[in-house]
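# Let me see the structure of the following:
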Amino acid sequence: MAKSMKEIKKENQFLKRKSEKSDTAHTELVDQLERLKIIREIVEKVEQPENSKRKRTE
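Sure thing, here's the model as predicted:
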C-alpha cells in the first residue's frame, strides 16, 4: 500500500523531531561526562594531601 505525501511528510517531521531530541540528549550526556571528569580531577587533588597526611600519622 502506497503512502500519501501527507503521511510521508508527517512521518518525516516525527523522525526529525525524534532525531533532534536524540541529538540534544547526546549533547547533554557529553556535557555531563565532561563535568564529571572535572569533578573527578578535583576530588583526586583534594584526596592526595589527605592520603599523604594519613600515611605520615600511621
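
# per-residue pLDDT, Glu58?
Confidence at Glu58, expressed as pLDDT, is 58.

# Can you give the distance of the helix or strand harbouring Leu33 from its chain's centre?
Following DSSP states H and E, one finds Leu33 within helix 5-57. Between the centre of helix 5-57 and the centre of its chain there are 2 Å (Cα atoms, centre = their mean, to the nearest Å).

# Against Phe14, how distant is the most centrally placed residue in the chain?
Centroid-nearest residue in the chain, with Cα atoms, centre = their mean: Leu29, separated by 0.8 Å. Counting by Cβ to Cβ, to the nearest Å, the separation of Leu29 from Phe14 is 23 Å. For the C-beta atoms, the positions are set from N, CA and C on the backbone; glycine is no exception.

# okay, and for this protein, where does confidence drop off?
1, 53-58 (pLDDT under 70).

# go again using 80 as the cut-off
Judged by pLDDT under 80, the chain has its weakly predicted residues at 1, 49-58.

# Can you report how many residues neighbour Glu44?
The local packing of Glu44 (other Cβ atoms under 10 Å) involves 10 other residues.
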